[in-house]
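Q: Pasting a predicted model and its sequence here:
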Amino acid sequence: MFIQMPAIAAAIFAILLLPGCTGFSEPPRAVESYVLSYPAPMPADTKITAPDAVLAVQAFDAAAPYRSRQMVYADHQLRRKTYAYHQWVSKPTEMVRDLIIRDLQAAQAVQSVTRAEKRLESPTHVLWATIEAFYEDDTRSPWQAVLELTATLAETQSGQSGRSIIMTKTYQARQDLEQNNPLGQARAMSTALAEISEDLAADLQKALGR
């Protein structure tokens, strides 16, 4: 029995040296989070009067692959993957809506723009949108950020629940990545959204000014 003790002790010591058994294993890798960011637009030409409308922007929806905070990329036409240690700071639907509202307010595209859930005043019009694509396309050289959004504008009936659709349009933008990594995706996606937001604001002004 005493002869076997050193062998047993050696076996126990070897087990303790296995990863995770001593409590000194490496900490998990930190997850990095990214935002969409670009300068707000300048106010519209003062000679052009903003449409007399109170616009309520509803929560946006998204196609199934883009409803979470995961950063999606495509390495094949029929395949979508996500980064393990990189994600958006919030869902694309939330970031995109917040920035579009900010842009419409900054550009003074309409008389008043507010989030639908605030209901500070009865809206004359309602805007909602669905993100159809929001991913990094690695099948092209250089890689590209792909953003596609379908927006719908409707007029309310006496500010109540009834609606009459005025405009439905799909906006698409592709922007080359300066860096082939998640940071490059965030920068290119920001530029793509800035382009779409500007086009959307112009279309809203036309539709509301009729």
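A: Noted; the coordinates are in hand. Computed from a predicted structure; not experimentally measured.
Q: Any idea which residue is closest to the centre of the chain?
A: With distances taken as CA atoms, centre = their mean, the residue of the chain nearest its centroid is P92 (2.1 Å).
Q: Quick one, grab the pLDDT at that one.
A: Per-residue pLDDT puts P92 at 98.
Q: in terms of contact, does it touch A133 like I think?
A: No - when contacts are counted by CB atoms under 8 Å, P92 is not listed as touching A133 (10.2 Å). Glycine gets a C-beta too; all of them are placed from N, C-alpha and C.
Q: so what's in contact with those two at the same time?
A: By the contact definition CB atoms under 8 Å, 6 or more residues apart in numbering, P92 and A133 are jointly contacted by Y66.
Q: what's the average pLDDT for the longest helix anywhere in the chain?
A: Ranked by number of residues, the top helix in the chain under DSSP state H is helix 182-208. Averaging pLDDT along helix 182-208 yields 96.
Q: buried stuff in it?
A: The neighbour-count check on helix 182-208 (16 or more other CB atoms under 10 Å) flags 182, 184-197, 200-201, 203-205, 207-208 as buried.
Q: And stretch 122-137, by the same measure?
A: 123-137.
Q: Show me how far it is from its chain's centre.
A: 11 Å (CA atoms, centre = their mean, to the nearest Å).
Q: just stretch 86-97 next, same as before
A: Centre to centre, stretch against its chain (CA atoms, centre = their mean), the figure for stretch 86-97 is 4 Å.
Q: L153 belongs to a strand?
A: Yes - note on L153: a strand contains this position according to DSSP: H, G, I helix; E, B strand; the rest coil.
Q: For it, which residues are in contact?
A: Per CB under 8 Å, 6+ apart, neighbours of L153: 125-127, 165-168, 204, 207-208.
Q: Go again with 7 Å.
A: 125, 127, 166-167, 204, 207 (CB atoms under 7 Å, 6 or more residues apart in numbering).
Q: a strand runs through L55, doesn't it?
A: Yes - according to three-state DSSP, L55 belongs to a strand.
Q: partners of Y135 in the sheet?
A: V146 (DSSP bridges).
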